[in-house]
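# I'd like to go over a predicted model; first the sequence, then the structure.
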Amino acid sequence: MTIQIVTANRLDDGVVVYLADDGAWSDGISGGRLVEGKEQGAALLAAAERAVAERKVVEPYLIDVVVEDETPRAVRFKERIRASGPPVRPDLGKQATRG
């Protein structure tokens, strides 16, 4: 079964965010709520749409992830870039701030 997370962009600053278990939005993919199956994915996306109505985020959608060493990792290359920053410039983006 496919594991998914909802991602969007925060409206006030455009940062890529992930819907967390508590309904908040996490800046990191590791903070996103993992769901399996179409029903759980649809329910999570519906929760994200409420945040659109509240003008917190824009364009939420589900992405496929795999869990490696207890950490979710986006399947698609585009989503890995959105999660960590430009692959050719490790001094920029979210990967630059990791310790």
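Everything's here; your move.
# Remind me what the helix or strand containing Val67 packs against, helices and strands.
Element membership for Val67 (DSSP states H and E) is strand 57-68. In this structure, strand 57-68 packs against strand 3-10, helix 37-53, strand 71-74, with contacts taken as 3 or more C-beta pairs under 8 Å, 6 or more residues apart in numbering; DSSP states H and E. Placement of C-beta: from N, CA and C, glycine included.
# Which of those sits closest to Ala83?
Nearest of the helices and strands packed on strand 57-68 to Ala83, taken as C-beta to C-beta: strand 71-74 at 5.5 Å.
# State the next helix or strand along the chain beyond that closest one.
Beyond strand 71-74 toward the C-terminal end (DSSP H and E), the next one is helix 77-84.
# between that following helix and strand 57-68, how big is the angle?
For helix 77-84 against strand 57-68, the angle by axes from the mean of the first three to the mean of the last three C-alpha atoms, to 10 degrees is 100 degrees.
# By mean pLDDT, which helix or strand of the chain comes out lowest?
Lowest by mean pLDDT, DSSP states H and E among the helices and strands of the chain is helix 77-84, with a mean of 90.
# Low-confidence stretches in this protein?
Residue ranges of the chain with pLDDT under 70: 90, 92-99.
# Deepest in the core, which of the helices and strands packed on strand 57-68 is it.
Stretch with highest mean neighbour count among the helices and strands packed on strand 57-68: strand 3-10 (a mean of 21; mean count of other C-beta atoms under 10 Å).
# returning to what we had before: and the strand holding Val67, which strands flank it?
Looking at strand 57-68 with DSSP bridges, its partner strands are strand 3-10 (antiparallel), strand 71-74 (antiparallel).
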